[in-house]
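# fold the following for me, if possible:
(2 chains)
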Amino acid sequence: MMNILPIVSLSWKNIWRNKTRSLVVIIAVILGTGAGVFMSAFMYGMSMQFVKSELQNFTSHIQIHTKEYKDEVLPSKFIPNAHQLVNELSSLPFVEEITARTVISGLASTSSSSFGVTINGINIESENTVTELHTHIIEGDFLESKRANSIVVGNKLAQRLSLDIRSKVVINFQDVEGNLTAAAFRVTGVFKSPNSGFDETNVFVKQTHLNALLNADEISHEIAFLVNDFKMADAYRNSLNLDSGLVAESWGDIAPSLRYMDSMVGTMLYIVMAIILIALTFGIINTMLMAVLERQQELGMLMAVGVNKMKTFSMILIETFMLAIVGAPIGMLTAWLGIQILSDTGINVSAWGQGFEAYGIGTIIYPELQPEYYVNVGLLIFITTLIAALYPSYKALKLNPVEAIRKI
Amino acid sequence: MAVIHVRDITKIYNKDKVPVHALNGIDLEIQKGEFSAIVGPSGSGKTTLLNIIGGLDEPSSGKVFIEGTDMFALKERKLIDFRLHHIGFVFQAYNLIPVLTALENVSFILQMQGLPTKECRKRGTELLHQVGLEDKIHKRPSELSGGQQQRVAVARALASKPTFVLADEPTANLDSKSATDLLNLMLKLNETEQTTFIFSTHDQRVVERAKRVLTLVDGVIDSDEQK
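Next up, the predicted model:
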């Protein structure tokens, strides 16, 4: 077996031969790794905030509809025995919160204008556990008044139809038998969610009142629920044992763009890190190449006195690894500490991030990172350092001892 | 008994372009315990011959036997290992490792041979005593004079108890006193330890103290004088 300890010891001493140069490389590795990991945490945190915002405000984690309803949104396509199904689903271990909605299409009209809307009949108690729309109320309340014909509208729709609190709005829609009907509602709340398109096309009314207007009793078109881990939604969806007429969709099925974004950000993080590491690699190659060229005579002497090529190659390889291994963990640790602190307090980007709100991100970003990312970045650093080490090591290997000894 | 047997060695550089005949049929035997100097004008082939005897450079033709082993019949890895165990080198520019102390420079060769660290340090300390540097064992090369550095180099060359030591112009970078001290040291080692030394040199002081002087001219042995 190769006696590597003296080589390791010599390598360690060699990297401190030119302290300034080695420190510059080590600091570059610390900054590069730290900044890369922190930036990844910022990007991941931002995307997670967007995904979570979308799920908490609109999509939920899993939704159930009838297949017919998915084909054509009609009041008559409601879920049979929805309440019983809600009770069954509630007992599943992974279901955290659940609600059932009556969701139909209609035309909202005021004296000034009309606009097509989705009318969401909700049970306020269960709805507030599944979505966070009640936190986006900017005027009035979220169906808390006792008035049966209360309606909550988005601010965009309010602007379009010139609606204020206590304004009257008439909505035309079909009942479950297909008859056209109309009902007057009184605006009791205005919300402004992170999605302005949603705000323009959705209104919320009390489910009991809407069902009465539909000439139906206790019907629901949509069951939405949250699970204990939204990343497991697909697996949980597959585990559901539903009637053949029903279809369950995970948030990724309902909003494929969110699923794409989730996987895209995961890939982006590694691309960003890889770019930073490639830049660092060239810095390391440059340093080690200089180290080899400066020490040609010494390397020649080592080869002459009997240090074999494998040991010479290993020595340069180990020196390169040491430069990275000293810097990378410090960089990762610094980034981790920063992430831990800022994941609680958040980073206020309001000064330049006004547009973020339109995407449902908010102006305070909470950086976060999956633990496996640190492991993978460590692996990435190992691979790039190995690549960086190969050329200088090869240069050392190709030295001719006779010529190298005579170099000044 | 001959420890080195050089048989009809030739060395031609630039074979494909403008051939330079550095050595032309050298036959040579070096006995155990010899203190030999190879002298000659620049370009006569001294260093080439030394490099070939040391296994650092391959001859164009001919063979070199070290204690009966045909050195250039060995595969590269074996040859490097052979050098580690059988040949000591002293270079003109000392070529110590600057980040290691005197003791570490000497011990390093023994560690490469796989000896336990404790034993390496013990032998290294003994050798540095032998070369008169007992009070400098923890000094780095930059803290030593040229003569002291060359003594460390001699101790390093002797560390593996080699069959012979090759010294290429060992006194060239030294002042007169350091050169004389170094020569005295090597002569003492030669006489007390029966260490075989072969020098290539221009230095008249080395020539005067050598027990055998081989004069190379144009790649052939012009004279072989035993004293």
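# and B:Val18, how many residues sit next to it?
7 (other CB atoms under 10 Å in any protein chain shown). C-beta: built from backbone N, CA, C; applies to glycine.
# so where does the residue of chain B found nearest chain A fall, helix or strand?
Going by CB to the nearest CB, chain A is nearest to B:Leu84 of chain B, at 2.5 Å. Using DSSP states H and E, B:Leu84 sits within helix B:76-86.
# which helices and strands sit right next to the following helix or strand past that helix?
Going down the chain from helix B:76-86, the next helix or strand is strand B:87-90, by DSSP H and E. Packed against strand B:87-90 by the contact rule (3 or more CB pairs under 8 Å, 6 or more residues apart in numbering or on different chains; DSSP states H and E) you find helix A:296-305, helix B:146-159, strand B:164-168.
# hmm, 10 Å instead?
For strand B:87-90, the packing partners by 3 or more CB pairs under 10 Å, 6 or more residues apart in numbering or on different chains; DSSP states H and E come out as helix A:296-305, helix B:146-159, strand B:164-168, strand B:196-200.
# who does it pair up with?
When pairing is defined by DSSP bridges, strand B:87-90 lines up against strand B:164-168 (parallel).
# helix A:296-305 and the partner strand, what's the angle between them?
160 degrees (axes from the mean of the first three to the mean of the last three CA atoms, to 10 degrees).
# so strand B:164-168 versus helix B:76-86, what angle?
Interaxial angle, strand B:164-168 versus helix B:76-86 (the same axes, to 10 degrees): 100 degrees.
# so for strand B:164-168, what's the average pLDDT?
The average pLDDT within strand B:164-168 is 93.
# tell me which residues in the helix of greatest length in chain B are buried?
Taking DSSP state H as the criterion, chain B has its longest helix at helix B:176-193. Neighbour-count burial for helix B:176-193, counted by 16 or more other CB atoms under 10 Å in any protein chain shown, picks out B:178-179, B:181-183, B:185-186, B:189-190.
# can you list those in JSON lines and add pLDDT?
Formatted as JSON lines, these follow (pLDDT from 0 to 100):
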{"residue": "B:Ser178", "pLDDT": "88"}
{"residue": "B:Ala179", "pLDDT": "88"}
{"residue": "B:Asp181", "pLDDT": "88"}
{"residue": "B:Leu182", "pLDDT": "88"}
{"residue": "B:Leu183", "pLDDT": "90"}
{"residue": "B:Leu185", "pLDDT": "88"}
{"residue": "B:Met186", "pLDDT": "89"}
{"residue": "B:Leu189", "pLDDT": "88"}
{"residue": "B:Asn190", "pLDDT": "91"}
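# those into a markdown table, with extra columns for distance to B:Asp168?
Formatted as a markdown table, the buried residues of helix B:176-193 follow (distance: CB to CB, whole Å):
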| residue | distance to B:Asp168 |
| --- | --- |
| B:Ser178 | 17 |
| B:Ala179 | 14 |
| B:Asp181 | 19 |
| B:Leu182 | 14 |
| B:Leu183 | 15 |
| B:Leu185 | 17 |
| B:Met186 | 13 |
| B:Leu189 | 17 |
| B:Asn190 | 17 |
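# of those residues, closest to B:Met112?
Of all the buried residues of helix B:176-193, B:Met112 sits closest to B:Leu189, with 21.7 Å by CB to CB.
# does the closest one touch B:Gly132 like I think?
No - B:Leu189 is beyond contact range of B:Gly132, at 11.4 Å (criterion: CB atoms under 10 Å).
# count the neighbours of residue 114 for me.
Here I'm looking at chain A. For A:Ser114, using other CB under 10 Å, the count is 15.
# wait, I meant chain B there
Neighbours of B:Gly114 (other CB under 10 Å): 12.
# cool, and A:Leu10?
Look at A:Leu10: counted by other CB under 10 Å, it has 21 neighbours.
# re earlier: check whether the longest helix of chain B comes near chain A.
No - Helix B:176-193 stays clear of chain A (CB under 10 Å from any CB of the partner chain), getting no nearer than 17.6 Å.
# now for that helix, which elements pack on it?
By 3+ CB pairs under 10 Å, 6+ apart, helix B:176-193 packs against strand B:35-39, helix B:117-130, helix B:146-159, strand B:164-168, strand B:196-200, helix B:204-209.
# isn't the residue of chain B closest to chain A right up against B:Gly54?
No - if you go by CB under 10 Å, B:Leu84 and B:Gly54 don't touch, sitting 11.9 Å apart.
# joint contacts of those two?
Residues within reach of B:Leu84 and of B:Gly54 at once, by CB atoms under 10 Å, 6 or more residues apart in numbering or on different chains, are A:304-305.
# so which of those two has more stuff around it?
Using other CB under 10 Å, the more surrounded residue of B:Leu84 and B:Gly54 is B:Gly54, with 25 against 20.
# let me know whether A:Gly245 touches A:Ile79 as I believe.
Yes - with contact defined as CB under 10 Å, A:Gly245 counts as touching A:Ile79 (8.6 Å).
# let me know the pLDDT of residue 51.
Reading this off chain A. On pLDDT, A:Val51 comes in at 87.
# sorry, should have said chain B
93.
# what of the one 10 residues further on?
Each residue has a pLDDT score; the one for B:Ser61 is 95.
# helix, strand, or coil at the closest residue in space to it that isn't next to it in sequence?
Leaving aside its chain neighbours, B:Ser61 sits nearest to B:Thr10 (4.8 Å; criterion: CB to CB, 6 or more residues apart in numbering or on different chains). With DSSP: H, G, I helix; E, B strand; the rest coil as the basis, B:Thr10 sits in strand.
# okay, and B:Lys63 sits in which element?
With DSSP H and E as criterion, B:Lys63 is part of strand B:61-66.
# what sits up against that strand?
B:2-12, B:23, B:25-30, B:49, B:52-55, B:58, B:70-74, B:82-83, B:86-87, B:162-164.
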